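Colleague: predicted model follows, preceded by the sequence.
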Amino acid sequence: LHMKSLFIFSFLLLGAMSMLPKAHAYCDISTTLGRMPASSNARQLLEDARAGDVDAMRQLGKNLIEGTVMKRDVKNGVLWIKKAVEAGDDRSMVLLGDLYTQGRGVAKSEKKAVELYMMAAEAGNKNAVKRLEKLPLKSTVSWWEARAKDGDKKAVLKLLRAYATGKGLPKDMEKAREYYE
């Protein structure tokens, strides 16, 4: 009889919980944390993230997306990474750019990825620069042009070749001549 009562109580509790409003952005992941071992630092990570620690926000987001330390929850993981981006964390910008490149947890968008990589590169993030260098030139031309304007020889040569040959950008001998000079 005791087991039957426990089952009925659990069933009713689950039904009542399903009628509660969903948690909003930067989520209540207490259901995930509730299933974690007591030795886990996830609770502290969540507290730190809620307190505005961008490193904790990024790490919590990564942990939720990967599902290695806590139950996988890509949606909430992306929300925490976006919150870190909003706080100006360049490492989170690269991470979110990677998610947009892969279409993982967000709609695939090279344009959004480039924007995030450019912001992170401007903040001095070398990983963002590496990613921008690997993307198609037509997607990153404004970034290369800004670097060329600042005197970056690699950028000048890249644009000169692209405009002169038409590989990566429309052939434009006038622009090629500008970069040559």
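Modeller: Yep, that arrived.

Colleague: check which helix or strand covers residue 62.
Modeller: Element membership for residue 62 (DSSP states H and E) is helix 54-66.

Colleague: and the contacts of that helix?
Modeller: For helix 54-66, the surrounding residues in contact (Cβ atoms under 8 Å, 6 or more residues apart in numbering) are 29, 32, 42, 45-46, 48-49, 69-70, 72-74, 76-81, 83-84, 87-89, 91-92, 95, 99, 104-105. (Glycine included, C-beta is placed from N, CA and C.)

Colleague: doesn't residue 113 make contact with residue 97?
Modeller: Yes. Under the criterion of Cβ atoms under 8 Å, residue 97 makes contact with residue 113 at 4.3 Å.

Colleague: what about the nearest residue to residue 64 once chain neighbours are set aside, how many neighbours?
Modeller: Spatial nearest neighbour of residue 64, excluding adjacent residues (Cβ to Cβ, 6 or more residues apart in numbering): residue 77 at 3.2 Å. Counted by other Cβ atoms under 10 Å, the residues lying close to residue 77 total 25.

Colleague: again, but for residue 60
Modeller: Residue 60: 29 neighbours (other Cβ under 10 Å).

Colleague: now do residue 102
Modeller: 11.

Colleague: output the helix or strand hosting the residue nearest to residue 64 as PDB, nothing but the C-alphas.
Modeller: Element membership of residue 77 [criterion: DSSP H and E] is helix 74-86. Coordinates of each C-alpha in helix 74-86 appear next as PDB, following Å, rounded to 0.1, in the frame of the first residue of the first chain:
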ATOM      1  CA  VAL A  74      21.700  22.700 -25.300                       C
ATOM      2  CA  LYS A  75      19.000  25.400 -25.200                       C
ATOM      3  CA  ASN A  76      19.900  26.600 -21.700                       C
ATOM      4  CA  GLY A  77      23.600  26.200 -22.500                       C
ATOM      5  CA  VAL A  78      23.200  28.600 -25.400                       C
ATOM      6  CA  LEU A  79      21.300  31.000 -23.300                       C
ATOM      7  CA  TRP A  80      24.200  31.200 -20.700                       C
ATOM      8  CA  ILE A  81      26.800  31.600 -23.400                       C
ATOM      9  CA  LYS A  82      24.700  34.500 -25.000                       C
ATOM     10  CA  LYS A  83      24.500  36.100 -21.500                       C
ATOM     11  CA  ALA A  84      28.300  36.000 -21.300                       C
ATOM     12  CA  VAL A  85      28.600  37.500 -24.800                       C
ATOM     13  CA  GLU A  86      26.200  40.300 -23.700                       C
END
